[in-house]
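In: Predicted model follows, preceded by the sequence.
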Amino acid sequence: QVQLVESGGGLVQAGGSLRLSCATSGRTFTSMGWFRQAPGKEREFVAGITWTTGTPYYAGSVKGRFTISRDNAKNTMSLQMNSLKPEDTAVYYCAGSTLYIISERQSGYDYWGQGTRVTVSS
């Protein structure tokens, strides 16, 4: 059974930092990504990483503030979020793709976690 389990969400003040983690089991992915969904908004791409080379890519809104990484040996992926803003408040989802090396579309991912909530207060 394939599982993706996020952890690390919470409440933080603007300007602060959080580190999200995604533990995977059941299979290896071609790439993985983080998406987020704010209240009343559609789910959006945040960052992705190719599993073999570790090449990262980011949405423009988080570039320079967020860092995605993966640990092949532990089958985990992380998202270090710095300089957080109230607009970063959302439920963050970990996703795994067996289909694409790079994808910013939800349809490019075939496995999803349950999400972890991040709240940034002003």
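Out: Structure's in. What do you need?
In: how about the strands in the chain?
Out: 3-7, 10-13, 18-25, 31-37, 44-50, 56-58, 66-71, 76-81, 90-97, 111-112, 116-121 (DSSP state E).
In: quick one: contacts for Phe45?
Out: Gly33, Trp34, Phe35, Ala59, Glu104, Arg105, Gln106 (CB atoms under 8 Å, 6 or more residues apart in numbering). From N, CA and C alone the C-beta is placed, and that goes for glycine too.
In: Without its sequence neighbours, what residue ends up closest to the fifth one?
Out: On the basis of CB to CB, 6 or more residues apart in numbering, the spatially nearest residue to Glu104 that is not a chain neighbour turns out to be Phe45, at 4.2 Å.
In: So that neighbour versus Ser103, what's the distance?
Out: Between Phe45 and Ser103 the distance is 8 Å, computed by CB to CB, to the nearest Å.
In: distance of the residue nearest the centre of the chain from Ser122?
Out: Residue closest to the average C-alpha location in the chain (CA atoms, centre = their mean): Trp34, at 2.2 Å. Separation of Trp34 from Ser122 (CB to CB) stands at 23 Å.
In: same deal with Cys22?
Out: Relative to Ser122, Cys22 is positioned 27 Å away (CB to CB).
In: Compare neighbour counts for the two and give me the winner.
Out: For Cys22 versus Ser122, the count of surrounding residues by other CB atoms under 10 Å is larger for Cys22: 25 against 9.
In: Setting aside sequence neighbours, what's the nearest residue to that one?
Out: Closest residue to Cys22 apart from its sequence neighbours, by CB to CB, 6+ apart: Cys94 at 3.4 Å.
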